[in-house]
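1. Build me a model from this:
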Amino acid sequence: MIEQLDGFIEKAEEALSENRIDEVFKWNTRFHDTLHELVSDKYRLHHLIVNMRKYVLRYRKDTLQYPDGGKRAIEGHRKIMLALRLRDAELCERIMREHIKEAKEDALQTLFGKS
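-> Residues are numbered from 1 along each chain as shown. Okay, the predicted model is just below:
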């Protein structure tokens, strides 16, 4: 699973370097889908994530086009992978919270021109 997640990050990074935002979105989504599969046996957590994603997905493509939005998303995914490799739950939570905060800031910037 770790190698698969790393592959999604690499493909997203390559697509971003060539400004293929649709592909960045595709690999970004695959990364998130695969992470969600890891908690599919945790009913409440899994459904909480599924419900939250309904709202997030409508803005993700726009935030990936925002200057540095795609780069920040990929960097966030790399940090998440580091925490997973270290098997550090607290670090993973802290990084994921920061990743969500950055995505929110990018969405606000995209929508309203402010954070």
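2. would you list every one of the helices in the protein?
-> Counting by DSSP state H, one finds helices in the chain at the ranges 2-17, 21-38, 43-65, 69-86, 89-112.
3. is it possible to export the ones you listed to JSON lines including mean pLDDT and mean neighbour count?
-> In this view, the C-beta of every residue, glycine as well, is placed from N, C-alpha and C. Output for those, formatted as JSON lines (pLDDT from 0 to 100; neighbours: other Cβ atoms under 10 Å):
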{"stretch": "helix 2-17", "mean pLDDT": "95", "mean neighbour count": "16"}
{"stretch": "helix 21-38", "mean pLDDT": "88", "mean neighbour count": "17"}
{"stretch": "helix 43-65", "mean pLDDT": "69", "mean neighbour count": "14"}
{"stretch": "helix 69-86", "mean pLDDT": "92", "mean neighbour count": "18"}
{"stretch": "helix 89-112", "mean pLDDT": "83", "mean neighbour count": "15"}
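4. who are the neighbours in contact with Gln4?
-> Gln4 makes contact with Thr34 under the criterion Cβ atoms under 8 Å, 6 or more residues apart in numbering.
5. what's the spacing between it and Glu90?
-> Distance, Gln4 to Glu90, by Cβ to Cβ, to the nearest Å: 24 Å.
6. what does Arg97 give?
-> Distance, Arg97 to Glu90, by Cβ to Cβ: 11 Å.
7. Distance of Ala103 relative to His77?
-> As judged by Cβ to Cβ, Ala103 and His77 stand 11 Å apart.
8. cool, and Asp68?
-> Using Cβ to Cβ, Asp68 is found at 15 Å from His77.
9. Can you pull out the residues in contact with stretch 77-91?
-> Residues from elsewhere that reach stretch 77-91 (Cβ under 8 Å, 6+ apart): 2, 5-6, 8-9, 12, 28, 31, 35, 92, 95-96, 98-99.
10. 6 Å instead, please
-> Residues outside stretch 77-91 that contact it (Cβ atoms under 6 Å, 6 or more residues apart in numbering): Ile9, Phe31, Cys92, Ile95.
11. Return the distance of stretch 3-19 from the chain's centre.
-> With Cα atoms, centre = their mean, to the nearest Å as the basis, stretch 3-19 stands 12 Å off its chain's centre.
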